[in-house]
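A.B. asks: Prediction below, plus the sequence it came from.
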Amino acid sequence: AAGLYLVAVPIGSARDITLRALDILASADMLAAEDTRSLRRLMDIHGIALGDRPLLAYHDHSGQKIRARLMEAVAAGKSVAYASEAGTPLIADPGYDLARQMRDEGLEITSAPGPSAVITALSIAGLPTDRFLFAGFLPSAAGARKSALMDLRDTRATLVFYESPNRIATMLGDAAEVLGPERQGALCRELTKRFEEVRRGTLSELAAGCETDPPRGEIVLLVDRGDSENVSESDLETSLSAALERLSV
Ligand code: SAM
């Protein structure tokens, strides 16, 4: 049927894709992908031929031109399947602008749900899953990153971050400083892949571990909820002196 189909693809293991997702990839009139090569590779693995169907490269900043083409196709009664490079589109991945505009125009949107690193990490990390806050990638500039962490400090939910291996040590250092060194965390690496690993410990232990044994590959960092009992005296001193400084202006 006509519409935009947001298709979740694996985050590692190629067989983590639903039968419905494969059906949609096999039957859509038009395909679009953040990375056309990785979608083609996935379709090859599962024996799905592209045939003479168009496959367009699309990410949100590829802009209005491609988006307009996809929207015209749906408006003309075609089915368009969209996949990002890994996991679920729109989750720290492109697709939001496309889905939003389709929605605004009254066009049909359907999800073919499947893997996402946030849910995979929560399932195996051993931290509470009843309430969580997905914070995605923090800003790379130090000041902006610390203030983003400050905003999350008292959130009573498990915090979920995506991070790259070359920034994880700095990020954990900042997290230990701002959220508190004694907070529990779980560094989940290479989920569903051969070298999958979960490191558990306090934020300062995890930060130290990054120095001695730098984690490679793809990483989700989970941090236990803010809890007033976890706030150390030095944290209190820091916030108190910051507050006093603001008052004395
Ligand atoms: N759309 C994806 C999803 O649904 O999870 C996320 C895409 S985002 C551009 C890529 C980031 O997701 C990586 O930097 C990492 O933080 C996380 N990630 C993706 N696959 C992962 C995996 N297999 N193991 C650990 N983290 C992963």
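C.D. replies: Arrived safely, thanks for sending. None of these values were measured; they are calculated from a predicted model.
A.B. asks: burial count for the residue of the chain found nearest the ligand?
C.D. replies: With C-beta to the nearest ligand atom as the measure, the residue in the chain that lies nearest the ligand is G87; the distance is 2.5 Å. Quick note: C-beta positions are derived from backbone N, CA and C, even for glycine. G87 is flanked by 24 other residues according to other C-beta atoms under 10 Å.
A.B. asks: Just to check, it is in contact with G12?
C.D. replies: No. Under the criterion of C-beta atoms under 8 Å, G87 is not in contact with G12, lying 9.4 Å apart.
A.B. asks: just the strands in the protein please.
C.D. replies: Taking DSSP state E as the criterion, the chain carries its strands at 3-7, 30-33, 55-57, 79-83, 109-112, 132-137, 158-163, 184-189, 197-202, 219-223.
A.B. asks: now those strands in TSV, with mean neighbour count and mean pLDDT?
C.D. replies: Shown next, in TSV, are the strands of the chain (neighbours: other C-beta atoms under 10 Å; pLDDT from 0 to 100):
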stretch	mean neighbour count	mean pLDDT
strand 3-7	25	98
strand 30-33	24	98
strand 55-57	15	97
strand 79-83	26	98
strand 109-112	17	98
strand 132-137	16	98
strand 158-163	22	98
strand 184-189	23	98
strand 197-202	16	98
strand 219-223	25	98
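A.B. asks: Same list, the ones you listed, but as TSV with distance to the ligand please.
C.D. replies: Supplementary listing: the strands of the chain in TSV, determined by distance: least, C-beta to the nearest ligand atom, whole Å:
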stretch	distance to the ligand
strand 3-7	11
strand 30-33	13
strand 55-57	16
strand 79-83	10
strand 109-112	12
strand 132-137	7
strand 158-163	3
strand 184-189	6
strand 197-202	10
strand 219-223	5
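A.B. asks: if we compare the ones you listed, which one ends up closest to D44?
C.D. replies: strand 55-57 (12.6 Å; C-beta to C-beta).
A.B. asks: Can you list the strands that that closest one pairs with?
C.D. replies: For strand 55-57, sheet partners with direction are given as strand 30-33 (parallel), following DSSP bridges.
A.B. asks: quick one: the strand it pairs with to chain centroid distance?
C.D. replies: Taking C-alpha atoms, centre = their mean, to the nearest Å, one finds strand 30-33 lying 21 Å from the centre of the chain it belongs to.
A.B. asks: who's in contact with that strand?
C.D. replies: Contacts with strand 30-33, where a contact means C-beta atoms under 8 Å, 6 or more residues apart in numbering, come from 25, 39, 50, 53-58, 66, 70, 73, 78-85.
A.B. asks: run the last query once more with 6 Å
C.D. replies: Contact with strand 30-33 is made by 39, 54-56, 58, 70, 73, 78, 80-83, as judged by C-beta atoms under 6 Å, 6 or more residues apart in numbering.
A.B. asks: swap in stretch 15-23?
C.D. replies: Identification of contacts with stretch 15-23 by C-beta under 6 Å, 6+ apart yields 7, 9-10, 46, 112, 114-115, 192.
A.B. asks: likewise stretch 219-227?
C.D. replies: 117, 121, 125, 127, 153-161, 163, 168, 183-189.
A.B. asks: now swap in stretch 84-102 and tell me
C.D. replies: 4, 6, 8, 11, 34-35, 38, 59-60, 67, 82, 109, 115-117, 136, 162.
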